[in-house]
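**Q** Build me a model from this:
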Amino acid sequence: QVQLVESGGGLVQAGGSLGLSCAASGRTFSSYRMGWFRQAPGKEREFVAAISWSSGRTYYADSVKVRFTIFRDNAKNTVYLQMNSLRPEDTAVYYCAADLSLSWDPTDQNKYDYWGQGTQVTVSS
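**A** This is a model prediction of the structure:
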């Protein structure tokens, strides 16, 4: 069983920055592929960013490229999402997720095995 706990959400003005963290349980965190997804009110949950187990590969949704950065610290069992130049349309509940399978589609939320409870990010205009 893997438990994921997000933190770092909050209220920020447009153009500002926020950093999210996701702490994971489990002794084999370094083998998990990790992703961030978000869900805005009235919308489907969507892919934001993902990172391979070794940090060698990262993936981003077009809407957040350049502005967001995903990275991980396997020694701390934590994955991060640094969000810069935030826009009101980034307002959503942000979820981290872990994929433990042998095959990986980083953008497909159905492929992820474990999810955190989510953290709210609100960007005011």
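**Q** what about the nearest residue to R67 once chain neighbours are set aside, which SS state?
**A** Using Cβ to Cβ, 6 or more residues apart in numbering and skipping the chain neighbours, the partner closest in space to R67 is S85 (4.6 Å). From N, CA and C alone the C-beta is placed, and that goes for glycine too. Secondary structure, DSSP: H, G, I helix; E, B strand; the rest coil: S85 is coil.
**Q** Find me the pLDDT at S85, would you?
**A** Listed pLDDT for S85 reads 98.
**Q** So which residue is dead centre in the chain?
**A** W36 (2.2 Å; Cα atoms, centre = their mean).
**Q** which residue packs closest to that residue, ignoring adjacent ones?
**A** V48 (4.3 Å).
**Q** ok, residues contacting the helix or strand where the one you found lies?
**A** Using DSSP states H and E, V48 falls within strand 46-51. Here strand 46-51 makes contact (Cβ atoms under 8 Å, 6 or more residues apart in numbering) with 33-39, 57-61, 64, 68-72, 79, 81, 94, 106-109.
**Q** Report the contact partners of Q3.
**A** Q3 touches A24, S25, G26, Y114, counting by Cβ under 8 Å, 6+ apart.
**Q** what's the distance between the spatially closest residue to the third one that is not a sequence neighbour and G116?
**A** Computed as Cβ to Cβ, 6+ apart, the closest residue to G26 that is not its neighbour in sequence is V2, at 4.9 Å. In this structure, V2 and G116 are separated by 10 Å, where distance is defined by Cβ to Cβ, to the nearest Å.
**Q** neighbour count winner among the two?
**A** G116 (22 against 16; other Cβ atoms under 10 Å).
**Q** In this structure that one contacts G8, no?
**A** No. Contact between G116 and G8 fails when scored by Cβ atoms under 8 Å: they sit 11.6 Å apart.
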